[in-house]
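S.K.: sequence unknown, structure follows:
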């Protein structure tokens, strides 16, 4: 299974939350596609949105996209 990309999510807004560092944001999907491209994977989007966090890009990063869960699009955990 491939990792979900922006093109896989059809909602208008993309929500990202991180309870560990108290980040929360709601982003316009069309603007993200225009800026980053429809082929951008959500794992890359998470790295971009977590800029400035010490845990960015590590296993300790808790940034999540609840909108994916609501849309029944899951990101498989690395084994």
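M.R.: Structure's in. What do you need? These numbers come from a predicted model, not from an experiment. Residues are numbered from 1 along each chain as shown.
S.K.: buried stuff in stretch 56-70?
M.R.: 56, 61, 63-65, 67-68 (16 or more other C-beta atoms under 10 Å). Backbone N, C-alpha and C define where each C-beta goes, glycine included.
S.K.: Go through these and flag which are in helices.
M.R.: Cross-referencing those against helices under DSSP state H gives 67-68.
S.K.: Going by residue numbers, what spans are strands in this structure?
M.R.: 13-18, 23-28 (DSSP state E).
S.K.: Identify the farthest-apart pair in the buried residues of stretch 56-70.
M.R.: Greatest spacing in the buried residues of stretch 56-70, by C-beta to C-beta: 56 and 67 (20.1 Å).
S.K.: Relative to residue 43, how far out is the nearest residue in space to residue 50 that is not next to it in sequence?
M.R.: Using C-beta to C-beta, 6 or more residues apart in numbering and skipping the chain neighbours, the partner closest in space to residue 50 is residue 56 (4.0 Å). Residue 56 sits at a distance of 12 Å from residue 43 (criterion: C-beta to C-beta, to the nearest Å).
S.K.: Now for residue 71: which residues touch it?
M.R.: 9-11 (C-beta atoms under 8 Å, 6 or more residues apart in numbering).
S.K.: which among those residues end up buried?
M.R.: Counted by 16+ other C-beta under 10 Å, the contacts of residue 71 give residue 9 as buried.
S.K.: Apart from its chain neighbours, what residue comes closest to residue 11?
M.R.: That would be residue 67: by C-beta to C-beta, 6+ apart, it lies 5.7 Å from residue 11.
S.K.: And the pLDDT for the one you found?
M.R.: pLDDT, the model's per-residue confidence, is 92 for residue 67.
S.K.: From residue 51, how far out is it?
M.R.: From residue 67 to residue 51 the distance is 20 Å (C-beta to C-beta).
S.K.: try residue 59
M.R.: Distance, residue 59 to residue 51, by C-beta to C-beta: 18 Å.
S.K.: cool, residue 14 as well?
M.R.: Distance from residue 14 to residue 51, by C-beta to C-beta: 16 Å.
S.K.: The two: who's more crowded?
M.R.: Applying other C-beta atoms under 10 Å to residue 14 and residue 51 shows that residue 14 carries more neighbours, namely 22 against 8.
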